[in-house]
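Undergrad: output the structure for:
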Amino acid sequence: MSTPLPGLPSLVEVYEVGPRDGLQNEASVLPVQVKAEFVRRLLAAGLSTIELTSFVPAGRVPQLADAEELLALLGPLPGRHPVLVPTQKGLDRALAAGAREIAVFASATETFAQRNLRRSVAGSLAMFRPVVTRARTEGLAVRGYVSMCFGDPWEGPVPQAQVVDVALRLHEMGCTEISLGDTIGVGTPGQVVELLRGLSAVGMAIGRVAVHFHDTYGQALANTLAALQAGVTTVDASAGGLGGCPYAASATGNLATEDLVWQLHGLGVDTGIDLDALVRTSVWMAEQLGRPSPSRALAALAATSASPSAANEKSC
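TA: Numbering: from 1, shown residues only. This next block holds a predicted model:
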């Protein structure tokens, strides 16, 4: 049973990042066949937007060194399937592998820009410009990520003006979607709304903005609800809550897709996702990784599925 709240969209696009942002932070490197099966299961569960992998040097992210092999195994897929591409060389590889949408990953802070891309904020944006221009010329959509939107583990709270500036530059160079990342999970709903207002004030359409929350302080779902009420309709999430960031130790898991879908369906918001099939997929992936998922909804639904009478056998 769903109970809607005023001011929410009727449909939300869930942008699944588990195969890329989720697996890049795992200590183990999964076989490419397992990654391909993960994507297929997510598709079968109704996720039509799935970020597949990264075309980055193997030494930087060895967990995703098999990007070409993965795309070859998967072949053409329905829906949106972006890949992360930071450089012209990465774009060459992505185009040769048949990618039809890419993403670039910028930082709102100087310290993280140096740690993640070994460049200043200005230097990283200069690196992205020819990549975005060429990708758009080739007919590809381009997502622009902005990381550290609310806080940075080295610099502390991040001024809103810095985030707005980087987002606007990505938009002006041709990015078709901007994803705002709370990389270390310190943001709260009021900050989310204020940042969206700041972007609106400089002429950015909120319909082209996505949000990407980490759940370090348990704020991801609250922040998501605030963003939806402010006009956002695309939300990033990771099946089973996989993920983090290899270059920011305090960046814990992403918002779990199961937690997000449970909330959205409870609010009467359509996602096109079969939650039971998604739970089975994330349970399967947890088995491949050899550890439990941090998703609360996944744990509850998996337990109920395993023992249909469990809810009636326990009191609290």
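
Undergrad: where along the protein do the helices fall?
TA: The residue ranges that make up the helices of the chain, judged by DSSP state H, are 32-44, 67-74, 88-97, 110-117, 121-137, 160-172, 189-201, 220-229, 257-266, 275-289, 296-306, 310-313.

Undergrad: could you tell me the least trusted of those?
TA: Confidence, taken as mean pLDDT, is least for helix 310-313 of the helices of the chain (a mean of 36).

Undergrad: coming back round to it: with mean neighbour count and distance to residue 6 added, can I get the helices of the chain in CSV?
TA: Every C-beta, even on glycine, is put in place using the N, C-alpha and C of the backbone. Converted to CSV, the helices of the chain look like this (neighbours: other CB atoms under 10 Å; distance: least, CB to CB, whole Å):
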stretch, mean neighbour count, distance to residue 6
helix 32-44, 19, 31
helix 67-74, 19, 40
helix 88-97, 17, 42
helix 110-117, 20, 37
helix 121-137, 18, 37
helix 160-172, 19, 26
helix 189-201, 17, 15
helix 220-229, 21, 8
helix 257-266, 23, 15
helix 275-289, 20, 24
helix 296-306, 17, 24
helix 310-313, 9, 31
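
Undergrad: and these: which comes nearest residue 154?
TA: helix 110-117 (4.2 Å; CB to CB).

Undergrad: and the nearest residue to residue 134 once chain neighbours are set aside, what does it touch?
TA: Computed as CB to CB, 6 or more residues apart in numbering, the closest residue to residue 134 that is not its neighbour in sequence is residue 91, at 6.3 Å. Residues in contact with residue 91 (CB atoms under 8 Å, 6 or more residues apart in numbering) are 55, 85, 102, 131, 134, 135.

Undergrad: right, and the second one touches residue 103 too?
TA: Yes. The criterion here is CB atoms under 8 Å, and residue 85 meets it with residue 103 at 7.0 Å.

Undergrad: pick out whichever of the two has more residues nearby.
TA: Shown here are residue 85 and residue 103; by other CB atoms under 10 Å, residue 85 has more neighbours (29 against 22).

Undergrad: residues touching that one, list them.
TA: Neighbour list for residue 85: 54, 55, 91, 93, 94, 99, 102, 103, 104, 131, 135 [criterion: CB under 8 Å, 6+ apart].

Undergrad: now the helices of the chain in TSV, please, with extra columns for distance to residue 237.
TA: As requested, the helices of the chain are exported to TSV (distance: least, CB to CB, whole Å):
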stretch	distance to residue 237
helix 32-44	11
helix 67-74	20
helix 88-97	23
helix 110-117	21
helix 121-137	24
helix 160-172	20
helix 189-201	15
helix 220-229	9
helix 257-266	4
helix 275-289	10
helix 296-306	11
helix 310-313	25
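
Undergrad: nearest to residue 12, out of those?
TA: Shortest distance between residue 12 and these, using CB to CB, is found for helix 257-266: 5.7 Å.

Undergrad: elements contacting the closest one?
TA: strand 13-16, helix 220-229, strand 234-237, helix 275-289, helix 296-306 (3 or more CB pairs under 8 Å, 6 or more residues apart in numbering; DSSP states H and E).

Undergrad: what is the fourth one packed up against?
TA: Applying 3+ CB pairs under 8 Å, 6+ apart, one finds that helix 275-289 contacts helix 32-44, helix 257-266, helix 296-306.

Undergrad: can you put those in JSON lines and add distance to residue 225?
TA: Formatted as JSON lines, those follow (distance: least, CB to CB, whole Å):
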{"stretch": "helix 32-44", "distance to residue 225": "24"}
{"stretch": "helix 257-266", "distance to residue 225": "7"}
{"stretch": "helix 296-306", "distance to residue 225": "15"}
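
Undergrad: quick one, which of the ones you listed is nearest to residue 7?
TA: helix 257-266 (14.1 Å).

Undergrad: and that closest one, how far out from the chain middle?
TA: 15 Å (CA atoms, centre = their mean, to the nearest Å).

Undergrad: ok, now stretch 271-288?
TA: With CA atoms, centre = their mean as the basis, stretch 271-288 stands 17 Å off its chain's centre.

Undergrad: what of stretch 165-173?
TA: A distance of 19 Å separates the centroid of the chain from that of stretch 165-173, by CA atoms, centre = their mean.

Undergrad: how about residues contacting that stretch?
TA: For stretch 165-173, contacts defined as CB under 8 Å, 6+ apart pick out 104, 106-108, 121, 125, 128-129, 132-133, 144, 146, 178, 180, 199, 202, 204, 208-209.

Undergrad: now do stretch 56-71
TA: Contacts of stretch 56-71 (CB under 8 Å, 6+ apart): 20, 23-26, 28-30, 32, 35-36, 39, 52-55, 83-84, 86, 90, 93-94, 96-99, 246.

Undergrad: appreciated, that's everything.
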